[in-house]
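A.B. asks: sequence isn't available, so here's the structure alone:
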């Protein structure tokens with residue numbers, strides 16, 4: 001994968017540079033660019049097409065956020081139609097679309113971050129100065145896939161023993177509750193065991209040395225410098241109200257000399273990951289063709 005050679009600290013800085021501006025500004029272009037960039041990145045990096053269940057869940061979440069806002073928020077001057085005596089406005093619909101794009105984009109970028117920045121990389125970043133925080137973060141990132149795998153094993157073992165409720169909905173609900181109870185008990189016991197094991201090994205003691213296979217190279221320094229420069233321009237545009245946007249009572253976006261440079265710079269930051277992945281894939285295919 002193209003990101004294995006990049007230092008974990010640079011990867012974390014990149015993902016935060018993409019997600020934070022999209023969350024803390026109302027400008028609709030930034031969440032849309034973040035969503036388009038992460039979809040392109042997933043198409044390039046995912047080994048298999050996404051599951052239908054994942055696509056359905058994301059679509060339902062998107063529609064829920066889009067529909068909920070105009071149903072409960074009736075601000076705005078452009079009335080589209082009335083529902084139960086309440087006006088459904090264009091501004092509320094567009095604000096719901098912006099929020100939905102932001103939520104989906106952040107979730108997908110967090111998925112990519114969880115995939116590229118593994119638990120051992122978090123230990124490499126924080127293990128020397130913040131060992132307890134590093135252990136907590138790495139354990140939390142590993143918790144969901146571990147619980148999913150362990151829960152599936154418990155469910156299959158219960159089915160093999162004939163104890164899992166098959167048949168009507170009540171029996172399935174009872175079997176699922178039993179598996180969930182066992183899973184919670186196992187997770188608590190596992191957390192205590194991991195904590196005691198790391199403490200017995202002297203993890204986090206003062207003066208304890210750490211080893212990391214990741215080295216901060218010249219390429220990482222160049223990437224981090226460019227990223228800091230791009231972030232400085234985007235943050236300057238945000239601080240100067242160049243990327244501010246109002247949905248209520250009418251659509252109104254501020255515009256000054258930093259608006260276009262700020263949006264273009266943020267777009268380049270978002271597209272860096274897909275471009276980097278595409279570049280390395282192209283080079284790999286060229287090298288393979290010469291063998």
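C.D. replies: Good, I have the coordinates. It should be emphasised that the depicted structure is a prediction, and the values quoted were computed from it without experimental measurement.

A.B. asks: return the distance of the nearest residue in space to residue 90 that is not next to it in sequence relative to residue 247.
C.D. replies: Nearest residue to residue 90 in three dimensions, chain neighbours excluded: residue 78, at 3.9 Å (Cβ to Cβ, 6 or more residues apart in numbering). From N, CA and C alone the C-beta is placed, and that goes for glycine too. According to Cβ to Cβ, to the nearest Å, residue 78 and residue 247 sit 11 Å apart.

A.B. asks: circling back to that earlier point, contact partners for the residue nearest to residue 90?
C.D. replies: 89, 90, 91, 250 (Cβ atoms under 8 Å, 6 or more residues apart in numbering).

A.B. asks: which stretches of the stretch 51-200 of the chain form strands?
C.D. replies: For the stretch 51-200 of the chain, applying DSSP state E, counting those that start in this stretch gives strands covering 79-83, 86-89.

A.B. asks: which stretch among those strands is buried most, on average?
C.D. replies: strand 86-89 (a mean of 17; mean count of other Cβ atoms under 10 Å).

A.B. asks: what about residue 279, neighbour count?
C.D. replies: 11 (other Cβ atoms under 10 Å).

A.B. asks: secondary structure element for it?
C.D. replies: Per DSSP states H and E, residue 279 falls inside helix 259-289.

A.B. asks: who are the packing partners of that helix?
C.D. replies: helix 8-23, helix 29-45, helix 218-239 (3 or more Cβ pairs under 8 Å, 6 or more residues apart in numbering; DSSP states H and E).

A.B. asks: and the first one, what does it pack against?
C.D. replies: Going back to what we said before, that points to helix 8-23. helix 29-45, helix 90-116, helix 119-126, helix 218-239, helix 259-289.

A.B. asks: got the angle between that helix and helix 218-239?
C.D. replies: For helix 8-23 against helix 218-239, the angle between stretch directions is 20 degrees (axes from the mean of the first three to the mean of the last three Cα atoms, to 10 degrees).

A.B. asks: quick check: buried residues in helix 8-23?
C.D. replies: 8, 9, 10, 11, 12, 14, 15, 17, 18, 19, 21, 22 (16 or more other Cβ atoms under 10 Å).

A.B. asks: now these as CSV including pLDDT and distance to residue 279?
C.D. replies: Shown next, in CSV, are these (pLDDT from 0 to 100; distance: Cβ to Cβ, whole Å):
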residue, pLDDT, distance to residue 279
8, 86, 20
9, 86, 22
10, 89, 16
11, 89, 16
12, 88, 21
14, 92, 15
15, 92, 19
17, 91, 19
18, 92, 18
19, 91, 23
21, 90, 24
22, 88, 24
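
A.B. asks: output the below-cut-off pLDDT ranges for the protein.
C.D. replies: Applying pLDDT under 70 to the chain flags the ranges 1-2, 47-53, 163-168, 204, 207-212.

A.B. asks: got the phi/psi numbers for the residue nearest to residue 90?
C.D. replies: Here is the backbone geometry of residue 78 (degrees, to the nearest 10): phi -90, psi 100.
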